[in-house]
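# Provide a 3D model corresponding to the input given below.
(2 chains)
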Amino acid sequence: MKNLQAIISKTIDNSLTQFDRLGYVGDNFANYSTNGYKCVRFEQMLSEEGYLKGAIRTDYSQGSIMITSNPYDIAINGDGFIPVTSPTGEVQYTRDGSLKISKDGYLTTNDGWLVGSGIQIPSNAYKITIKPDGTVTSMDSSKAPEKKIGIIPLVQFRNQEGLKQGDNNKLIPTAESGEAKLVKDHNYIAQYSIENSNLNVYDSASEILRLNASVIASMRMTKVIDDMYNKSINLRQS
Amino acid sequence: MQLNAGIRYIGNGLVNSIRAMQVQSTLVDIANDNVMGFDKVGYQRKQAVVSSFTEYIGADGVSTTVDDKVGRIVNTGNPLDFALATKGYFQVKSPNGVKLTRDGRFKLDKNGNLLTLDDSKVLATDGTPIKLSIIPENLDQVVVNSTGELSVLNKTKNELQHVANIGVVDANGFVVMNPDVKQKYTEFSNVALQDEFLGLILPTKNFDANRQMFMIESSNLSKAISQLGSVS
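Numbering: from 1, shown residues only, chains lettered A, B, ... in the order given. Down below sits the predicted model:
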């Protein structure tokens, strides 16, 4: 027979886990307008002994692509990441392609990380074109020939779910993700585009409804057990 | 002598009432497990079985069986989420031996092993762990048909390459021939919350009734002790 305290601790365990889950759903909503954001899912596992475990999964499905008018906006339409180098030389990976030009003329991310190992845009460039395979070309005037000035690299991982979330929309490789592998022949990069987050608002709303029902049900059970507990303790009153 | 017999009778009544209260709290515990499992993937509702003689042996007479109706199947969009639309279980190899589960949320590691969320290996029909021969670039390249045959896209040949048949067995360990595996779906529990809470009314009221009986018996007993022997 289970004692009443064991039942209460299970209801509390479940309620607290649902609040954790709400936190992750909230995280996803907060990043609804983050470029290239990949949703995280909080998966619960109920063990045979009756306690809960959680696992975080990242959903790497493709986000929708939005057309912009900025030539330095690129989206990845396919699998892969752009390696970026921090001012201190650290390499991380991102799918956020809203790039800009730094004061030295280098193509950088919004927070100043170099794209690849550095692509310098000539200051007199008339037109910058980024090809689907990542090649960056510039034209000095409307009639001048295209000059290749660099290539935006694209890498893939054997197990992208193993990547760790870093700061500012970047990902850090781990032992589980495997090594970054350069993709040579691809057509995944789209200029004048931005990848939206892959959040499905309806799924998230339905998840909130489910977790809400679970919390309410567990709280109601706590009340039922609490009544029984009280009555058992006060058995002598008559 | 009559007093002795009376006390023994009342004593049995007290013990019976307490026992009945314990049985009712066990039933509430089972209902609580179901409430907790309500939105968990692959949970199967527990059904309490109160055997004969429970009034003599107490909560030990209560056991549970599993309600194996198929639960609510929900689309998730993840190509490695599988649901069984028939009765049956996936076999997974955990450090504590082979386990059966209806939780079909799987993942791939960097070597291509098909794992459950807590890193147990998913077994094929021949009992060996499933390992993908080709690491897919995109999870959409992993395809499972309704018979549980798992294949992966071979990019150089541009065709699907057979990997393994996902092993699905019934509760007795026999292979289910047509498991009706649904890819990109997960199965939530088969618990209906309203049923659990409606089912709670009986045990709680029974608990209250036995508590009242206990208190009546208890007061009768104290009356017997304090008044029957008095000479004033």
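# contacts and neighbour counts: CA atoms only from here.
OK.
# Return the residues of chain A in contact with chain B.
Chain A has residues A:1-2, A:4, A:7, A:10-11, A:14, A:44-46, A:50, A:55, A:59, A:79, A:156, A:158-159, A:162, A:176-178, A:210-211, A:214, A:217-218, A:221, A:225, A:228, A:231-232, A:235-238 near chain B, with proximity defined as CA under 8 Å from any CA of the partner chain.
# Give me the subset of those that lies in strands.
Counting by DSSP state E, the residues of chain A next to chain B place A:44, A:45, A:46, A:55, A:156 in strands.
# Give the buried residues for stretch B:84-100.
Under the neighbour-count criterion of 16 or more other CA atoms under 10 Å in any protein chain shown, stretch B:84-100 has B:84, B:85, B:86, B:87, B:88, B:89, B:90, B:91, B:92, B:93, B:100 buried.
# Over to stretch B:153-160?
Using 16+ other CA under 10 Å as the test for burial, stretch B:153-160 gives B:153, B:154.
# likewise stretch B:133-151?
Residues B:134-139, B:141-144, B:147-151 are the ones in stretch B:133-151 that count as buried (16+ other CA under 10 Å).
# what's the span of that stretch, first residue to last?
Chord length of stretch B:133-151, first to last residue, is 10 Å (CA to CA, to the nearest Å).
# which other residues reach that stretch?
Stretch B:133-151 is contacted by residues A:79, A:156, A:158, B:79-80, B:110-112, B:152-154, B:160-167, B:177-183 when judged by CA atoms under 8 Å, 6 or more residues apart in numbering or on different chains.
# and residue B:164, helix, strand or coil?
Assigned with DSSP: H, G, I helix; E, B strand; the rest coil, residue B:164 falls in the strand class.
# For chain A, what's the nearest residue on chain B?
Nearest residue of chain B to chain A (CA to the nearest CA) works out as residue B:110 at 4.8 Å.
# Show the contacting residues for that residue.
A:158, A:159, A:176, A:177, A:178, B:135.
# which element is it on?
Residue B:110 is part of no helix or strand when elements are defined by DSSP states H and E.
# Tell me where the chain is predicted with low confidence.
Defaulting to chain A. A:1-2, A:237-238 (pLDDT under 70).
# not quite, I wanted chain B
By pLDDT under 70, the weakly predicted segments of chain B are B:1-11, B:232.
# Quick one: name the residues of it near chain A.
Near chain A, when you scan chain B using CA under 8 Å from any CA, you find B:22, B:25-26, B:28-29, B:32-33, B:35-41, B:43, B:59-60, B:78, B:108-111, B:117-118, B:135-138, B:193, B:204, B:207, B:211, B:214-216, B:219.
# List buried residues within those residues.
B:22, B:25-26, B:28-29, B:32-33, B:35-41, B:43, B:59, B:78, B:108-111, B:117, B:135-138, B:193, B:204, B:207, B:211, B:214-215.
# Among those residues, which lie within strands?
Using DSSP E, the members of those that fall in strands are residue B:108.
# on that earlier part again, among the residues of chain B next to chain A, which ones are in helices?
Here DSSP state H is the test, and the residues of chain B next to chain A give B:22, B:25-26, B:28-29, B:32-33, B:35-37, B:193, B:204, B:207, B:211, B:214-216, B:219 as lying in helices.
# one step back: may I see the buried residues of stretch B:84-100 organised as CSV, with secondary structure added?
Shown next, in CSV, are the buried residues of stretch B:84-100 (three-state DSSP):
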residue, secondary structure
B:84, strand
B:85, coil
B:86, coil
B:87, coil
B:88, coil
B:89, strand
B:90, strand
B:91, strand
B:92, strand
B:93, strand
B:100, strand
